[in-house]
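S.K.: Have a look at this fold, sequence not included:
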């Protein structure tokens with residue numbers, strides 16, 4: 001007997017992570033943590049949650065689009081290699 005499973009909502013992306021931080025002066029800021037890029041941790045800080053969420057969404061879109069449009073080179077790699085010999 002097969003039962004209908006309830007539809008699950010799509011999970012919200014966890015990358016980049018947006019966290020609330022309490023600064024030493026007592027004020028609140030929000031951190032967008034994009035993990036390690038080139039061996040360094042890449043984080044940006046914002047005064048409001050809305051600004052942090054907007055930036056995080058822009059980074060998610062940029063990550064998806066990065067594979068869709070690879071950087072164009074002036075010359076194909078095979079032509080560059082042939083010139084060296």
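M.R.: Yes, it's here. On a predicted model such as this, the values are computed, not experimentally measured, just so you know.
S.K.: all helices of the protein, in order?
M.R.: With helices called from DSSP state H, the chain shows them at 49-68, 77-84.
S.K.: Now the shortest one: average pLDDT?
M.R.: Going back to what we said before, that points to helix 77-84. Model confidence over helix 77-84, given as mean pLDDT, is 51.
S.K.: Which of the helices of the chain comes out lowest on mean pLDDT?
M.R.: Within the helices of the chain, confidence is poorest for helix 77-84, with a mean of 51 (mean pLDDT).
S.K.: From residue 30, how far out is residue 51?
M.R.: To residue 30, residue 51 is 7 Å away according to C-beta to C-beta, to the nearest Å. Just so you know, the C-beta spots here come from the backbone N, C-alpha and C atoms, and that holds for glycine as well.
S.K.: Those two: who's more crowded?
M.R.: For the pair residue 51 and residue 30, the greater number of neighbours falls to residue 30 (20 against 15), based on other C-beta atoms under 10 Å.
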